[in-house]
Structures are given as structure tokens and as C-alpha cells.
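In: Would you be able to build a 3D model of this:
(chains A and B)
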Number of protein chains: 2
Amino acid sequence: MKNIMVEIQYDGTNYSGWQIQPNSRTIQEEIMRALKKLTGKELSINGSGRTDAGVHAYGQVASFILESNIPVDRLPLAFNSNLPNDISIINAMEVPMDFHARYSAIGKRYIYHIYEGRYRNPLLRNYSYHVHYKLDHKKMRDGAKLLLGTHDFRGFMSSGSSVENTVRTIRNLDIIIKDNSLYVYIEGDGFLYNMVRIITGTLVEVGMGKISIEHINRALETKDRTVAGHTAPPQGLFLDKVFYPLTH
Amino acid sequence: MKNIMVEIQYDGTNYSGWQIQPNSRTIQEEIMRALKKLTGKELSINGSGRTDAGVHAYGQVASFILESNIPVDRLPLAFNSNLPNDISIINAMEVPMDFHARYSAIGKRYIYHIYEGRYRNPLLRNYSYHVHYKLDHKKMRDGAKLLLGTHDFRGFMSSGSSVENTVRTIRNLDIIIKDNSLYVYIEGDGFLYNMVRIITGTLVEVGMGKISIEHINRALETKDRTVAGHTAPPQGLFLDKVFYPLTH
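Out: As a prediction, this is how the structure comes out:
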């Protein structure tokens, strides 16, 4: 009996998100189905967290208990030959028995891709948020700075979450510009429901001049969701990396 | 009556290529259908050349005669609202009446994307050629140099083409490496049927050590298709830009 951690890439376009649910196609379900084919057993797997429908991952992490003699270094190829080609296991390793993909995580990094071209780009339609306006990048960077550090981010959370402690720490928030694309890199100890997409939508509105950067401070102070900007659409969001302590 | 040139981006994944043909979904047909919606007329459009099923474009060019009062600068949005979202018109301009997207072209640039990761990348599955082997980039660059300049490229052409003059000039052939990706940039006065994909397949085999770079010279000399490497798959190929004289 081994505890196994896997890193997973996926194109979320054709899925209802990570988490298994009735009458929907989900990433978690596909991986559990592949695992059953490999082991003959119905094993549950734990993800580092959910991703919504249409959201992608370069480095989602999941863990599960494996009762099988398959060598760990053969797991990625064995999984991939049983998975649809929009999901891929890119790493597998044995971890201590107390490792849990969700509870052991100490941070996450997301990338949000905004496409600023004048006309839509068909090659990016499922992988970016197309903003027709010319954005003021300096204002967006000024706004981003206000979000750095430890704050109560309740004003940047969608309703429908039962989380009680809404204090989170954003360690890094960088905006990288390349051609007509803006990549928002955001790293923190954890994120509330839709937090990255609301932060992105707010920064986009700041960049459009629709709201001022004072709105960011006000959303933090009042904790009122209606003060911040809109929730940016799912297809621009990528779960890039999940961080764990070195001891794991 | 105006002669109009348009630049077109498309994701070729769900199409049988550029050229209109019965019982298949093609890019040309979709654009002609949109043009008919805009003008009420069945107008033929000329592309700079065909692209195969699964091949993409950042800058395909087409031209057509427009009998309509739509202002030219409104054409992209007017087109795009009548096109599926995997095709986009990104530029439109009036050109002299003797301009023809195919016959006026003086060159083209293609980009071929090779993905060298150990495991498949689901986000690149429709947009790259996944090569599992570690490639020798230096050998590939040495091989690329042999193809530069003016040669008879008959040995790098798939059968099924009725072209008689198979002499072409490659002006630039660069291999750009970024993370686990290799981008083959190839620019020339024109390309034979499958020429870019055969050149790429040959460079990949050189990079794998499966054939030596002498095979490239031999394929040029003998003009025998069986000497060069395989035809790389379509989904890694992007028509990047079509060049015209400044007078057009």
C-alpha cells in the first residue's frame, strides 16, 4: 500500500470542472475511471482543489492510496493510455502516508491569460479572455500592488461558498505582457471561490478606466462583492502549480 | 466594385482544410457563406494557397471582388459576426484590381511547433507535434542550413501534386527553442505540397539520430521522396504570413 501523488495537465474545455458530480463529465471522474482500469479497484482520489468548468491546468495535483505492484515511474504512461487525450498525467511519485493533495498544500499559483487583440483570435478562443478595449497596463499594475499581502478577501469571493475564514495571503501578483497578451501570475497560500477570476475582472475594469484603483481598497475594506469588478470568464484561467513543504 | 484583401486566422482542427470541396467542412466555404450573408451574392474568393486538414493559420490571405457599400474598415466585424468562432477576419483593405491573393504573393512564412515533453501536453494536442525523443538541436540546425537557398525540392514533395517547376528558394529557416517547444520558422518564395511538413519530419529524424544530415543533401540531389524523413503531422503547422510586393 502506497500513497501516490500525481501531477495532472488538462484542457478543461470539454469538462464540467474537476470535481465529480452526477450527469456531468469531470476530470476527477476520468482519472478515477482510469485508475480502476489499472487496479481493478474503485479508489477515491483527492485533488488539491476544484477547478470550474472550462478552467485548465498545467499542474493540478491529486493523491490516492495505491494497492498495486505497478512501478511508480510507469504510472504516467499507464494512466495516459487509459485517459482521454485532453488529460495527461505528467508526474507520479510515492509520498509519505500522511500526504494529502489538498490539506498538505501550502500554496498555489494561477495564470490568467487576457488577450487584448482588436479582433478575436480563434486559436485562443478556449484559452484566453478576449478584451476588446485597450487596457492601461500601468493602472492595472498599480491596482495589483494593493492586493499583495494578507487581506480579508471576502469582497473577492463569489457567493455559494461556505468558507468561514476568508483571510488569504497573496505572495506574488505579476502582469507579464507579450505581444497582445497579458498574463496575470498570481500566487498565494490559498484562494477563495472565484477569487482569481474576480481579481482579474477587477484589474481589467481598472485597465479599462471603468473603475478606479480606489475600488480595490474599498472592496477589501467593505468586504462587499458588489464593489469589485466582474468575474472574468473561466477559459482564461490555468492552475499552474501547487506548492507543498519540502518534507513532503 | 472593389477588390478586397482580407487576413484570416483559423483553428484548422475541425476543418478539412482551406479549399472548398463537396461533403466537407472547409474554411473557404465558411468565408464564402459569410460573404453571401453580407452581400446577398454568391461570390468566389481566392486564397493565397491551400492548407490541409488540421493545419492552422495566423495570417492566411484571401481576395475577392466586393459589390457592396459596406465600409472596408467595418468588414472584419461584419464577417466575424457571421463566421464560426474558430475563424476570424483580422484585417481588410482595398487593393488594386489586379491584386490576386495567390498570384500576387511573393513569399510565405510558416511556423511548425514541435513539443518535446516527456508526456503528452493536452493543451497542445491540436497545436503541436509531440515528439517523445530528446532531439539533438544542434544537428537539426546543421541540417536546416543545408536546405537554405534555391534548390529543386522535388524530394520534399508529396505525390499528388501536378506542379512542374519544383525549384523553390528558402530564405530563412530558424529553429527557436522555448521551454519544451521547438518552433521551426521557415520562409520562402513558395512551397510544394507538404514541403514544410516533410522538411520538419526530416529535421526531427535528424534530431533523433535516425538519419544523418547527409540524407538531406541526398534527398536534394536524387529528388527521391523516399530519401527524406516522414511527413510531420498537420496539427503542428501554422501559416504565419503571406508576403506581397509593397506596390500592392
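
In: for stretch A:209-225, how far is the first residue from the last?
Out: Terminal residues of stretch A:209-225 are spaced 19 Å apart (CA to CA, to the nearest Å).

In: Distance from the chain centre to it, please.
Out: Put simply, stretch A:209-225 sits 23 Å off its chain's centre (CA atoms, centre = their mean, to the nearest Å).

In: With stretch A:189-209 instead?
Out: Worked out by CA atoms, centre = their mean, stretch A:189-209 lies 13 Å from the chain centre.

In: Repeat that for stretch A:69-83.
Out: On CA atoms, centre = their mean, the centre of stretch A:69-83 falls 24 Å from that of its chain.

In: Now do the same contact list for A:Val206.
Out: Contacts for A:Val206 (CB atoms under 8 Å, 6 or more residues apart in numbering or on different chains) come out as A:136, A:139-140, A:143, A:212-213, A:215-216, A:229. (Glycine included, C-beta is placed from N, CA and C.)

In: What subset of those residues is buried?
Out: Taking 16 or more other CB atoms under 10 Å in any protein chain shown as the criterion, what is buried in the contacts of A:Val206 is A:139-140, A:143, A:213, A:215-216, A:229.

In: Pretty sure A:Arg118 sits against A:His132.
Out: Yes: between A:Arg118 and A:His132 there is a contact under CB atoms under 8 Å: 7.2 Å.

In: Okay, the residue of chain A most remote from its centre and A:Lys2: tell me how far apart.
Out: Distance from the centre of chain A peaks at A:Asn69, with 32.1 Å (CA atoms, centre = their mean). Distance, A:Asn69 to A:Lys2, by CB to CB, to the nearest Å: 10 Å.

In: And for A:Asp98?
Out: In terms of CB to CB, A:Asp98 sits 13 Å off from A:Lys2.

In: got the buried ones among the contacts of A:Val206 as a markdown table, with pLDDT, distance to chain B and secondary structure columns?
Out: What follows is those, written out as a markdown table (pLDDT from 0 to 100; distance: CB to the nearest CB, whole Å; DSSP: H, G, I helix; E, B strand; the rest coil):
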| residue | pLDDT | distance to chain B | secondary structure |
| --- | --- | --- | --- |
| A:Lys139 | 98 | 27 | helix |
| A:Met140 | 98 | 24 | helix |
| A:Gly143 | 98 | 28 | helix |
| A:Ile213 | 95 | 31 | coil |
| A:His215 | 95 | 31 | helix |
| A:Ile216 | 97 | 31 | helix |
| A:Gly229 | 96 | 24 | coil |
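
In: which of these lies closest to A:Asp240?
Out: Distance to A:Asp240, by CB to CB, is smallest for A:Met140 among the buried ones among the contacts of A:Val206, at 19.4 Å.

In: For the residue nearest to that closest one when sequence neighbours are not counted, pull up the helix or strand it's in.
Out: Of all residues not flanking A:Met140 in the chain, A:Gly207 sits nearest, at 4.3 Å (CB to CB, 6 or more residues apart in numbering or on different chains). Per DSSP states H and E, A:Gly207 falls inside helix A:195-208.

In: what does A:Lys36 give?
Out: Assigned by DSSP H and E, A:Lys36 falls in helix A:27-39.
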